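Chemist: From the sequence below, what's the structure:
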Amino acid sequence: MNTSGFTHPDRGVISVTAPIGPALEHTKRMLFRPFDLGKWFAVGFCAWLALLAEGGGGGNFNFNFPSGGQGPGQVDAAAEFAKAREYVLANLDWIIPVAIAVLVFALALGVLLLWLSSRGKFMFLHNVALDRAEVATPWRTYAPQAHSLFLFRLLLTLTGSVLLLPLLGAVGWMIYRMIRAECVLGPEIAGAILAGLGFFLGVLVFTIIGKLLDDFVLPLMALRHLRCREAGREFWGMLRARPGDFALYLLFSVVLNLVLGVITIVVLICTCCFCLLAVLPYLGTVILLPLFVFGRSYSLFYFAQFGPAFDVFAQLAPPVAALPPPLTA
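Modeler: Numbering: from 1, shown residues only. Okay, the predicted model is just below:
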């Protein structure tokens, strides 16, 4: 039975704005009617797990290309590079083992976080769809699907690294050549622009794949109890049938994420939780839980417009405990 209060429109009409109201109502009903702090911590834990492998960051990279002699505040890049090279060559006996150990640890940690995140995504979906605050049940129920999702995401990550890291390295190499030459070189500038453009387009493609995977393939896996490849094949048929609807969804998601990002910043400023979010990400996730629940609910309500068979709120039945055998006389 559908307890979400969502009315399915005609299958020919797919709207990106219609799911906003039901998603807001579902978020309020789930988290505030009534308010249960224990429920917040349980659902927040699942959301935190789901977001483990998804980080963000940024930085400013300023490159100065001097055209003449070195001023008092300027650094001779070539001389500094030569000193660093001499130091590395003189200490290879311990630098190489440490670098290998750090690399192996970072890779192992990344794989572990990706695995936990894949489990958490199904746990969070389960709780949002059924208005529950369960941890152990969805952890066990969706273990096969989560393992399949993990393998696909791992393959996707490796593929992206193989394709994109060389482009990023090419940009760095072109910049290094201009630093060594102490001037702006035409071929290097062109090469850096082309490699940077290729890197940006590659990141965009893999971001879109990840978005479609989270918002549509994952619900199909949960609904049909399918492996990632099987659910991906079913979604691919839907995407080919209605590419315009999904393209509009992706564009609207950009706007929606910008709005949610602004709300997140406002909430963090008003609650002075920037440091808390950095030091204790789990508590930060709990504080921002309404935004995460709304985002997950919005994608599910959008998907439900394709028909009752895609309504996760109505079709994702909770696991039924085995009934005891009937008593016999």
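Chemist: ok, how many other residues are close to the closest residue to residue 238 other than its chain neighbours?
Modeler: Nearest in space to residue 238, with sequence neighbours left out and distances taken as C-beta to C-beta, 6 or more residues apart in numbering, is residue 306 at 6.9 Å. Using the backbone N, CA and C atoms, a C-beta is placed for each residue, glycine as well. Residues near residue 306, counting by other C-beta atoms under 10 Å, number 17.
Chemist: next one: residue 187
Modeler: Neighbour tally, residue 187, other C-beta under 10 Å: 9.
Chemist: got a pLDDT number for it?
Modeler: Looking at residue 187, its pLDDT is 76.
Chemist: Any figure for the gap between it and residue 236?
Modeler: Residue 187 sits 41 Å away from residue 236, going by C-beta to C-beta, to the nearest Å.
Chemist: With residue 37 instead?
Modeler: 42 Å.
Chemist: what secondary structure does residue 245 sit in?
Modeler: Here residue 245 is helix, with the state taken from DSSP: H, G, I helix; E, B strand; the rest coil.
Chemist: ok, now residue 133?
Modeler: Following three-state DSSP, we place residue 133 in the coil state.
Chemist: Residue 178 and residue 220: what is the separation?
Modeler: Distance of residue 178 to residue 220, computed by C-beta to C-beta: 48 Å.
Chemist: the more surrounded of these two?
Modeler: With neighbours defined as other C-beta under 10 Å, residue 178 and residue 220 compare such that residue 220 has more, 23 against 17.
Chemist: host element of that one?
Modeler: Assessed by DSSP states H and E, residue 220 sits inside helix 218-224.
Chemist: Going by neighbour count, which residues of that helix are buried?
Modeler: For helix 218-224, the neighbour count (16 or more other C-beta atoms under 10 Å) marks 218-223 as buried.
Chemist: Reformat these into TSV and put distance to residue 292 and pLDDT next to each item.
Modeler: As requested, the buried residues of helix 218-224 are exported to TSV (distance: C-beta to C-beta, whole Å; pLDDT from 0 to 100):
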residue	distance to residue 292	pLDDT
218	15	96
219	16	96
220	21	95
221	20	95
222	17	94
223	21	93
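Chemist: centroid residue for the chain?
Modeler: The residue lying closest to the centre of the chain (C-alpha atoms, centre = their mean) is residue 54, at 4.3 Å.
Chemist: I figured it was touching residue 117, is that so?
Modeler: Yes. Contact criterion C-beta atoms under 8 Å: residue 54 and residue 117 qualify, at 7.1 Å.
Chemist: which ones are touching residue 290?
Modeler: Taking C-beta atoms under 8 Å, 6 or more residues apart in numbering, we find residue 290 in contact with 27, 31.
Chemist: Over to it. Which of the three states is it?
Modeler: Put simply, residue 290 is helix when judged by three-state DSSP.
Chemist: All the strands of this protein, residue numbers only.
Modeler: Secondary structure of the chain, counting by DSSP state E: no strands present.
Chemist: Quick check: phi and psi on residue 34?
Modeler: Backbone torsions for residue 34, taken as degrees, to the nearest 10, come to phi -90, psi 170.
Chemist: Measure how buried it is and give me the count.
Modeler: Neighbour tally, residue 34, other C-beta under 10 Å: 7.
Chemist: quick revisit: export the buried residues of helix 218-224 as TSV, with columns for distance to residue 21.
Modeler: Shown next, in TSV, are the buried residues of helix 218-224 (distance: C-beta to C-beta, whole Å):
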residue	distance to residue 21
218	23
219	20
220	24
221	27
222	24
223	23
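Chemist: can you list the weak-confidence ranges in the stretch 151-300 of the chain?
Modeler: By pLDDT under 70, the low-scoring segments of the stretch 151-300 of the chain are 179-185, 271-279.
Chemist: go with 80
Modeler: By pLDDT under 80, the low-scoring segments of the stretch 151-300 of the chain are 173-188, 267-280.
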